[in-house]
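A.B. asks: everything below, folded, please.
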Amino acid sequence: MATTLFTSMAPGFSPMLPPLLPMDKYRGAVVEDLQLPPAFSLPSHESISRAIQLAYDRDFSHIPVLNSNRRPLGYVDVAALKAKWEAGIAQPNDSVVKYMTKFNRKASEPYTLITPDTPLADLAEFLRSNLFALGAHLTDYDRKFVLAVATSQDLDNFVSRRGISA
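C.D. replies: Okay, the predicted model is just below:
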């Protein structure tokens, strides 16, 4: 079917033109292009004192918590954990699993698979509707382990490094 563009039209006539698509500010890049460091995570039995120390050593604000099979259970918010410790609510030898935010594992709310080949535009959309600070766990195709952790800040850094305007 051919499309014709009219260069002159009758006065008062306004054609229905399709809206312009916004520029893909990620220019087709995928998660692998973020060059994220390997994921750092904690076993569920780790003490909160050790978790806080490791988080500050690595400058992480949120850390995934894994079960004995290395499957993600949830994450700890390091600042909230430290505040509970300082307030006397949490004890230094308490397990992180006691204070973690659990991931929803309901069949009605399936996981969104984020892999190294996921387009950054899809990751950005995921982060818009998933407000937990951890952002996204990036996994291998079989979902056997966490490869990295991505946040909206990682996307912002990617855009700024490339000199792409939003």
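
A.B. asks: and the residue nearest to Leu127 when sequence neighbours are not counted, how many neighbours does it have?
C.D. replies: With C-beta to C-beta, 6 or more residues apart in numbering as the measure, Ser152 is the residue that lies nearest to Leu127, at 4.8 Å, once sequence neighbours are left out. (Each C-beta comes from the backbone N, C-alpha and C, glycine too.) Burial of Ser152, expressed as a neighbour count using other C-beta atoms under 10 Å, amounts to 17.

A.B. asks: quick one: the strands in the protein, in order.
C.D. replies: 42-43, 62-66, 72-77, 101-102, 136-139, 146-150 (DSSP state E).

A.B. asks: any chance of a markdown table for those strands, columns mean pLDDT and distance to Leu36?
C.D. replies: What follows is these, written out as a markdown table (pLDDT from 0 to 100; distance: least, C-beta to C-beta, whole Å):
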| stretch | mean pLDDT | distance to Leu36 |
| --- | --- | --- |
| strand 42-43 | 94 | 18 |
| strand 62-66 | 88 | 13 |
| strand 72-77 | 88 | 16 |
| strand 101-102 | 90 | 21 |
| strand 136-139 | 59 | 7 |
| strand 146-150 | 80 | 4 |
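
A.B. asks: I'd like these as a markdown table, with mean neighbour count and distance to Asp122 appended.
C.D. replies: Rendered in a markdown table, the data for the strands of the chain read as follows (neighbours: other C-beta atoms under 10 Å; distance: least, C-beta to C-beta, whole Å):
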| stretch | mean neighbour count | distance to Asp122 |
| --- | --- | --- |
| strand 42-43 | 19 | 28 |
| strand 62-66 | 21 | 20 |
| strand 72-77 | 22 | 19 |
| strand 101-102 | 13 | 23 |
| strand 136-139 | 21 | 10 |
| strand 146-150 | 21 | 11 |
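
A.B. asks: of those, which is nearest Asp94?
C.D. replies: Smallest distance to Asp94 across these (C-beta to C-beta): 11.3 Å, for strand 72-77.

A.B. asks: and that closest one, what does it pack onto?
C.D. replies: Strand 72-77 is packed against strand 62-66, strand 101-102, with contacts defined by 3 or more C-beta pairs under 8 Å, 6 or more residues apart in numbering; DSSP states H and E.

A.B. asks: contacting residues for Ser44?
C.D. replies: The contact partners of Ser44, taken as C-beta atoms under 8 Å, 6 or more residues apart in numbering, are Val65, Leu66, Asn67, Ser68, Leu73, Ser95, Val96, Val97, Met100.
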